[in-house]
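J.: have a look; sequence and predicted model below, questions after that.
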Protein chains: 2
Amino acid sequence: MTETRLDAVKLDGAGPVYDQIRRAIRDLVVSGEWPPGTSVPPEHALMEQLGASRMTVHRALVQLAREGLIIRRRRSGTVVATPPASHAMLDILSIPEEVRQLGQVYAYEVLTRTDGRPSPEVAELFGLKRSDKVAHLLVLHRADGKPHVLEERVIHAAGVTGLADEDFAETPPGDWLLQHSLWSQAEHAISAIGAGEEQAALLDIAEGEPCLLVERRTWNQSQPVTAVRLLYPGFRHRFVGRFGPYGAA
Amino acid sequence: MTETRLDAVKLDGAGPVYDQIRRAIRDLVVSGEWPPGTSVPPEHALMEQLGASRMTVHRALVQLAREGLIIRRRRSGTVVATPPASHAMLDILSIPEEVRQLGQVYAYEVLTRTDGRPSPEVAELFGLKRSDKVAHLLVLHRADGKPHVLEERVIHAAGVTGLADEDFAETPPGDWLLQHSLWSQAEHAISAIGAGEEQAALLDIAEGEPCLLVERRTWNQSQPVTAVRLLYPGFRHRFVGRFGPYGAA
DNA sequence: GCTATCCAATTGCATATGCAATTGGCAAGT
DNA sequence: ACTTGCCAATTGCATATGCAATTGGATAGC
């Protein structure tokens, strides 16, 4: 249980007090100054520090809890939450989990790994210098023994610690990264593409077969962390989501 | 501004009072009993009706407002919100808007329209009786004159008023439905598929060309409203989203 | 009829206060 | 050691109250 510097919470005088408090604490959390597990000062302490009534402090904390940034428990106090790995259909998700949720047996193999400088295309795609160090991986994920998805991944060595010592024998790179790196922003795109010759061979489908291509790039404080291209055979795979007019169901 | 029956708000005694109030009103809204535009009783009225303090009622209403179900304005009071047409990358969106946001000129043509009984496949897909009446439409949307997306749509006549009198000359069916029907639940799926012969001809691409297929089915109170299949040429189109660990950005 | 003004309804926000519920940790007893 | 029971810290919830801000609508004046 990490300690917190109480005086780190500062109001900016803009808008309602409860919202100033909410934003102040939110900023400390999302900026990483209060990493997950940090204990947030109790309401009484904040109340004195900020000169607000307990109910006002309470209101701010309740909202933050509803937003999932902090977790509150009676007597044990309030701590910064560990952000959930996945939010919805298209967010970061673990391929092993995805496969197991379908009730199938998961397996994977690292086909190739190259550590070195990024190729011009990769550097371009990612805004890297040619002098940066990256790992380049090709991974095949299987469900019930059959090829499920082909993963091509670039990891920026400077953004992750322990990359050189990890051989991804136990954990596929996507899941490993979730545990060993932080990210503050991601962008993904979905498109359809025909399988190339090599890709088709690896996925055990015909060349030109339509596939879903999911591309995702991830940054931490505007520093690149990883980029990945996931190629799913289209006839075997679909992304499904359910929702109502007022939000996801 | 529709009136509300005050006695429609009933608590169930489960959990905190403010949450009972919140759920009671939410249920009235999502069930359609209080449709968009209905005015919600003022805090004082609810306070007396429910025997709770104003702050407690207030708390429930503030939460509902934060969730976007109601809109509150001083003096004019609280009204049920019109649900936003689009939430994120993959939610219901208007194709005309989508095209215009890309800075291209939008146009569309209704290629075919058939009113009658559903085909066996459609009935199956949608859980309709063969005796139900449906309209079956094939629409081509264009961006800058070039085929953009092919829309195949089934509309359940019983779920929409004024369907027979509408010729979709002014407004494409998707947008028309957003204005003339309610929906409480939707499901969509994304997959990749090769263009069939006719589809390829209409979209002006090669047969077998990989395409993104977006399928969406929509219900209102478990009654089917519409089902649609949108076929996007894959090389020309991608869905992009951006987000951070604590939610969409 | 049109406009300027004022009033009152309604929500927004903050405080002060009290009690309930949960539970970590200490203390006492075995 | 190990268990039991109690205490106090901390959050959860509700009430009562007061004032501020906004604005629809009535009213007065032109």
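T.: That came in fine, so what should we check first?
J.: what's the spacing between A:Glu166 and A:Ala135?
T.: 9 Å (Cβ to Cβ, to the nearest Å). All C-beta spots, glycine's among them, are computed from the backbone N, C-alpha and C.
J.: who has more neighbours out of these two?
T.: Neighbours per residue, other Cβ atoms under 10 Å in any protein chain shown: of A:Glu166 and A:Ala135, the larger number sits with A:Ala135, 20 against 17.
J.: where does that one land in three-state SS?
T.: Here A:Ala135 is recorded as strand under DSSP: H, G, I helix; E, B strand; the rest coil.
J.: distance of it from B:Thr226?
T.: For A:Ala135, the distance to B:Thr226 - Cβ to Cβ - is 47 Å.
J.: ok, A:Glu48 next?
T.: 57 Å.
J.: the two: which is more packed in?
T.: A count of neighbours by other Cβ under 10 Å puts B:Thr226 above the other of A:Glu48 and B:Thr226, at 25 against 13.
J.: now the strand or helix carrying that one: mean pLDDT?
T.: Per DSSP states H and E: B:Thr226 is located in strand B:223-233. Within the predicted structure, the mean pLDDT of strand B:223-233 is 91.
J.: pairing partners for it, with directions?
T.: strand B:146-156 (antiparallel), strand B:210-220 (antiparallel) (DSSP bridges).
J.: what about the last one, distance to the chain center?
T.: On the basis of Cα atoms, centre = their mean, to the nearest Å, strand B:210-220 is displaced by 12 Å from the centre of the chain it belongs to.
J.: got the buried residues for that strand?
T.: Within strand B:210-220, the residues scored as buried using 16 or more other Cβ atoms under 10 Å in any protein chain shown are B:210-220.
J.: please save the CA atoms from it in PDB.
T.: The C-alpha trace of strand B:210-220 is given here as PDB (Å, rounded to 0.1, in the frame of the first residue of the first chain):
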ATOM      1  CA  PRO B 210     -12.500  -8.900 -49.600                       C
ATOM      2  CA  CYS B 211     -15.200  -6.800 -48.000                       C
ATOM      3  CA  LEU B 212     -16.100  -5.800 -44.500                       C
ATOM      4  CA  LEU B 213     -19.600  -7.100 -43.600                       C
ATOM      5  CA  VAL B 214     -21.400  -5.200 -40.900                       C
ATOM      6  CA  GLU B 215     -24.600  -6.900 -39.800                       C
ATOM      7  CA  ARG B 216     -26.900  -5.300 -37.400                       C
ATOM      8  CA  ARG B 217     -30.300  -6.300 -36.000                       C
ATOM      9  CA  THR B 218     -32.400  -4.000 -34.000                       C
ATOM     10  CA  TRP B 219     -35.300  -4.600 -31.600                       C
ATOM     11  CA  ASN B 220     -37.800  -2.600 -29.700                       C
END
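J.: out of the buried residues of strand B:210-220, which are close to DNA strand D?
T.: Among the buried residues of strand B:210-220, no residue is within reach of DNA strand D (Cβ under 7 Å from any atom of the strand).
J.: ok, these vs DNA strand C, which is closest?
T.: Among the buried residues of strand B:210-220, B:Asn220 lies closest to DNA strand C (Cβ to the nearest atom of the strand), at 28.0 Å.
J.: per-residue pLDDT, the closest one?
T.: Taking B:Asn220 on its own, its pLDDT is 83.
J.: hey, what's it bridged with?
T.: Bridge pairing for B:Asn220 - DSSP bridges - gives B:Gln223.
J.: so it touches B:His180, yeah?
T.: No: here B:Asn220 does not reach B:His180: they are 11.7 Å apart, not a contact under Cβ atoms under 8 Å.
J.: identify the contacts common to those two.
T.: Between them, B:Asn220 and B:His180 share no contacting residue under Cβ atoms under 8 Å, 6 or more residues apart in numbering or on different chains.
J.: wasn't A:His188 part of a strand?
T.: Yes: remark: A:His188 belongs to a strand, assigned using three-state DSSP.
J.: what's opposite it in the beta bridge?
T.: Beta-bridge partners of A:His188, as defined by DSSP bridges: A:Arg216, B:Gly241.
J.: what about A:Gly15, how many neighbours?
T.: That count, for A:Gly15 with other Cβ under 10 Å as the rule, works out to 11.
J.: state the three-state secondary structure for it.
T.: Once three-state DSSP is applied, A:Gly15 turns out coil.
J.: leaving aside the residues next to it on the chain, what's closest to A:Arg236?
T.: A:His148 (7.9 Å; Cβ to Cβ, 6 or more residues apart in numbering or on different chains).
J.: who touches that neighbour in this structure?
T.: Per Cβ under 8 Å, 6+ apart, neighbours of A:His148: A:95, A:99, A:141-142, A:232, A:236.
J.: now with 10 Å, please.
T.: Going by Cβ atoms under 10 Å, 6 or more residues apart in numbering or on different chains, A:His148 touches A:95, A:98-99, A:102, A:104, A:106-108, A:140-142, A:203, A:230, A:232-233, A:236-237.
J.: now do A:Glu109
T.: A:138-142, A:168, A:172.
J.: per-residue confidence for it?
T.: On pLDDT, A:Glu109 comes in at 96.
J.: look up phi and psi at it.
T.: phi -140, psi 140 (degrees, to the nearest 10).
J.: now do it against A:Ser31, distance only.
T.: Counting by Cβ to Cβ, the gap from A:Glu109 to A:Ser31 is 39 Å.
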